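Engineer: I'd like to go over a predicted model; first the sequence, then the structure.
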Amino acid sequence: MSSNRMLSFFNRNTTWGKSFHDFNYRLFIFMTWVPAVIFFNGNVGELTRINGPSMYPYLNTSYNEDLKKDLCWVSKWNPTRNLERGMLVSFQSPNNPEKLAIKRVIALEGDVVYTRAPCPLPTVQVPINHVWVEGDNRDKSLDSNSYGPLPMSLIQGKLTYVLWPWKSSGPIHWRQFKGRTRVIAGRRQDAPNWD
């Protein structure tokens with residue numbers, strides 16, 4: 001008898017039973033989408049907020065005026081395929097692996113880069129499976145001049161669109177970038193092998 005009363009508590013015909021059934025249904029629907037969202041964010045793309053001044057003035061154009069941050073689309077589909085000089089990439093920072101960094105690709109495998117402080121060498125030839133990355137704001141950027149050539153395995157995505165703020169929204173035109181760092185283009189075959 002008491003078991004019948006307990007089971008009637010979850011009966012669909014009662015108000016509580018109906019809301020309990022609806023909650024379970026919604027929870028089931030939500031839980032089935034979690035793996036899809038995780039796969040999408042890890043392999044297709046995701047939205048990323050740009051923090052800090054290292055990419056100013058190209059990104060975070062109002063960094064000196066207010067605390068607004070740019071919102072960008074990061075494409076994660078084959079992030080290291082067809083990398084070119086000037087592209088913006090996201091990667092796990094070599095100094096702090098918990099932090100996501102956004103920098104510009106300055107040099108590719110085999111290229112010779114004329115470095116700046118704090119790099120101890122005047123020139124560096126980028127080894128195989130590495131790229132040289134720098135921030136656009138040279139004075140406030142922790143980049144390859146600090147930690148050396150970046151392994152391509154750390155690159156997680158390419159920035160393709162600025163979504164917010166509206167005044168700078170649109171595709172990222174990285175081909176128009178003219179860097180201040182002197183780079184002598186090289187060939188991948190001539191790159192040193194650090195493996």
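Structural biologist: Sure, I can see it.

Engineer: May I see the domains of the protein written out as residue ranges?
Structural biologist: 2-32, 46-190 (automatic domain parsing).

Engineer: For the ones you listed, give me TSV that also has distance to F40.
Structural biologist: Heads up, the C-betas are built off the backbone N, CA and C, glycines and all. Converted to TSV, the domains of the chain look like this (distance: least, CB to CB, whole Å):
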stretch	distance to F40
domain 2-32	14
domain 46-190	8
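
Engineer: Pick the most deeply packed of those domains.
Structural biologist: domain 46-190 (a mean of 17; mean count of other CB atoms under 10 Å).

Engineer: Endpoint to endpoint, it covers what distance?
Structural biologist: With CA to CA, to the nearest Å as the measure, the ends of domain 46-190 fall 35 Å from one another.

Engineer: what mean pLDDT would you report for it?
Structural biologist: The pLDDT scores in domain 46-190 average 89.

Engineer: Which of the domains of the chain sits closest to F39?
Structural biologist: Of all the domains of the chain, the one in closest proximity to F39, counting by CB to CB, is domain 46-190 (10.5 Å).

Engineer: quick one: that closest one to chain centroid distance?
Structural biologist: 10 Å (CA atoms, centre = their mean, to the nearest Å).

Engineer: swap in stretch 180-195?
Structural biologist: Centre to centre, stretch against its chain (CA atoms, centre = their mean), the figure for stretch 180-195 is 24 Å.

Engineer: now do the same end-to-end measure for stretch 180-189.
Structural biologist: So stretch 180-189: terminal residues 26 Å apart, CA to CA.
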